[in-house]
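Asks: A structural model of the following input is requested.
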Amino acid sequence: MKDETKIVVAGRDPESNYGIVNVPVYHASTVLFPSLKARKEAHAARAAGERIVSYGRIGTPTTWSLEDAVAELEGGYRAQVFPSGMAACANA
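Replies: Predicted coordinates:
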């Protein structure tokens, strides 16, 4: 795929969004779980690398779309984005 095409389509999945081209913006500072057990399972799955929404500031479909686009454009396997440079440094 040409670089010009990658820039236009990377990180998008219209089939998962009812045909909408751009990923919806998820504003999520709070995520509800039916039980404490479900919350713990979600956090464990997230720690294992699964894309689970367990807390809005550490990953939503909007964030994952940006990560997928960056990975595609850079030719990488995965990418991670952070809300600040300090968060990126602390994660490293």
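
Asks: from Asp68, how far out is Pro61?
Replies: From Pro61 across to Asp68, the span is 10 Å (Cβ to Cβ, to the nearest Å). The way it works is simple: take the backbone N, C-alpha and C, and place the C-beta from them, glycine included.

Asks: got the contact list for the residue most central in space within the chain?
Replies: When Cα atoms, centre = their mean is applied to the chain, the residue found nearest the centroid is Trp64 (1.9 Å). Contact partners of Trp64, counting by Cβ atoms under 8 Å, 6 or more residues apart in numbering, are Arg51.

Asks: so that it lines up with my notes, have the first residue be 380 from now on.
Replies: That works, and once the first residue is 380, the last one we named lands at Trp443.

Asks: just after the host helix or strand of it, pick out the following helix or strand.
Replies: Following DSSP states H and E, one finds Trp443 within helix 440-453. Next along the chain after helix 440-453, taking DSSP H and E as the criterion, comes helix 464-470.

Asks: buried residues in that next one?
Replies: For helix 464-470, a neighbour-count test (16 or more other Cβ atoms under 10 Å) marks nothing as buried.

Asks: which residues sit against that helix?
Replies: 459, 461.

Asks: what does stretch 403-419 give?
Replies: Defining contact as Cβ under 8 Å, 6+ apart, one finds that stretch 403-419 is touched by 396, 421, 432-436, 439-441.

Asks: is there a quick ChimeraX command that grabs whichever of these are buried?
Replies: Of these, the buried ones can be selected in ChimeraX as follows, counting by 16+ other Cβ under 10 Å:
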select :421,432,433,434,439,440,441
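
Asks: Serialize the contacts of stretch 403-419 to JSON lines and add fields for pLDDT and distance to Met380.
Replies: What follows is those, written out as JSON lines (pLDDT from 0 to 100; distance: Cβ to Cβ, whole Å):
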{"residue": "Asn396", "pLDDT": "78", "distance to Met380": "21"}
{"residue": "Ala421", "pLDDT": "89", "distance to Met380": "34"}
{"residue": "Val432", "pLDDT": "84", "distance to Met380": "29"}
{"residue": "Ser433", "pLDDT": "76", "distance to Met380": "32"}
{"residue": "Tyr434", "pLDDT": "75", "distance to Met380": "34"}
{"residue": "Gly435", "pLDDT": "71", "distance to Met380": "32"}
{"residue": "Arg436", "pLDDT": "71", "distance to Met380": "32"}
{"residue": "Thr439", "pLDDT": "85", "distance to Met380": "26"}
{"residue": "Pro440", "pLDDT": "85", "distance to Met380": "22"}
{"residue": "Thr441", "pLDDT": "86", "distance to Met380": "23"}
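
Asks: this completes my enquiry, with thanks.
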